[in-house]
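Enquirer: this is a predicted model, with the sequence first.
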Amino acid sequence: MRVRGTALRKVIYLLGVPGTGKSSVGRELVRRLHGELVDVSELVVRKGLYTSYDRENATYVADVPRISKLLAEKASSSNSSLVVSSNFAVRAPGARDFAVFLLRCNPLVLMKRLSDRGYDNKKISDNLIAELVGLSLDDACTTFGSKNVVEIDATKLSMSLIVSCIMDELARGDDAPRGWIDWISRLEGNPALGDLVLFISRHSSAPGLSSVRHRRHRAQASLKRRGSLRRVSAP
């Protein structure tokens with residue numbers, strides 16, 4: 001059974017830093033849509049779609065043009081929905097029918113999730129910065145256009161509720177409330193924010209809160225230049 005309003009949603013992108021719930025949401029979304037799931041991180045390693053290996057950060061440097069080409073081939077080979085789960089924004093060229101969902105997570109919660117996964121402190125710090133200042137949001141808006149990005153605060157939502165939010169948005173297809181999640185403003189005055197920034201300063205090149213704020217302002221200014229984005233709330 002095809003969901004109303006999704007017939008032209010050929011590619012559905014699930015974006016966000018590690019720990020935001022993309023994998024579990026992607027599997028359930030594919031189940032409901034009878035589509036195909038592509039985990040970009042897994043694909044990079046399995047297909048060798050990288051240009052080098054960064055030993056310092058223990059990560060592969062993705063070959064974005066080759067990934068994009070493969071996604072385009074997959075998008076054109078089937079009538080079913082293609083769900084693309086990725087830590088960074090990458091698109092299938094030529095696929096004009098798409099939806100982009102960016103999962104966000106409170107950095108205080110994200111820190112524990114990544115620690116529980118066994119990430120080293122530098123990798124945790126790098127992802128915390130990306131989430132705290134909205135670098136993943138800036139990346140998504142640069143790649144897809146801010147009007148096409150739907151932002152979901154997944155911090156307190158169950159996997160099934162996140163999927164329901166996405167399904168509702170796909171079915172509705174109209175404009176949602178606009179805005180963007182600013183974690184620094186939300187956490188201002190919370191003593192835990194200071195502890196978080198101290199952790200970041202110890203394990204990354206960011207010297208402190210002033211640097212984090214500066215990067216947040218740069219990302220915020222970039223978003224304003226491109227216009228507002230869509231944000232949905234749980235029903």
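Expert: That came through fine.

Enquirer: show me where this structure has strands.
Expert: Taking DSSP state E as the criterion, the chain carries its strands at 11-15, 36-39, 50-54, 59-62, 82-86, 98-104, 149-153, 230-231.

Enquirer: pipe these into JSON lines and attach mean pLDDT per row.
Expert: Formatted as JSON lines, the entries for those read as follows, by pLDDT from 0 to 100:
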{"stretch": "strand 11-15", "mean pLDDT": "96"}
{"stretch": "strand 36-39", "mean pLDDT": "94"}
{"stretch": "strand 50-54", "mean pLDDT": "88"}
{"stretch": "strand 59-62", "mean pLDDT": "88"}
{"stretch": "strand 82-86", "mean pLDDT": "96"}
{"stretch": "strand 98-104", "mean pLDDT": "95"}
{"stretch": "strand 149-153", "mean pLDDT": "93"}
{"stretch": "strand 230-231", "mean pLDDT": "44"}
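
Enquirer: which one of those lies closest to Leu196?
Expert: When these are ranked by distance to Leu196, counting by Cβ to Cβ, first place goes to strand 98-104 at 15.4 Å. Glycine gets a C-beta too; all of them are placed from N, C-alpha and C.

Enquirer: helices or strands next to the closest one in the packing?
Expert: The elements that strand 98-104 packs onto, with contact taken as 3 or more Cβ pairs under 8 Å, 6 or more residues apart in numbering; DSSP states H and E, are strand 11-15, helix 135-144, strand 149-153, helix 159-172.

Enquirer: what about 6 Å?
Expert: Packing partners of strand 98-104 (3 or more Cβ pairs under 6 Å, 6 or more residues apart in numbering; DSSP states H and E): strand 11-15, strand 149-153.

Enquirer: residues making contact with that strand?
Expert: Under the contact criterion Cβ atoms under 6 Å, 6 or more residues apart in numbering, strand 98-104 has outside partners 9, 11-16, 20-22, 140, 144, 148-154, 166, 181.
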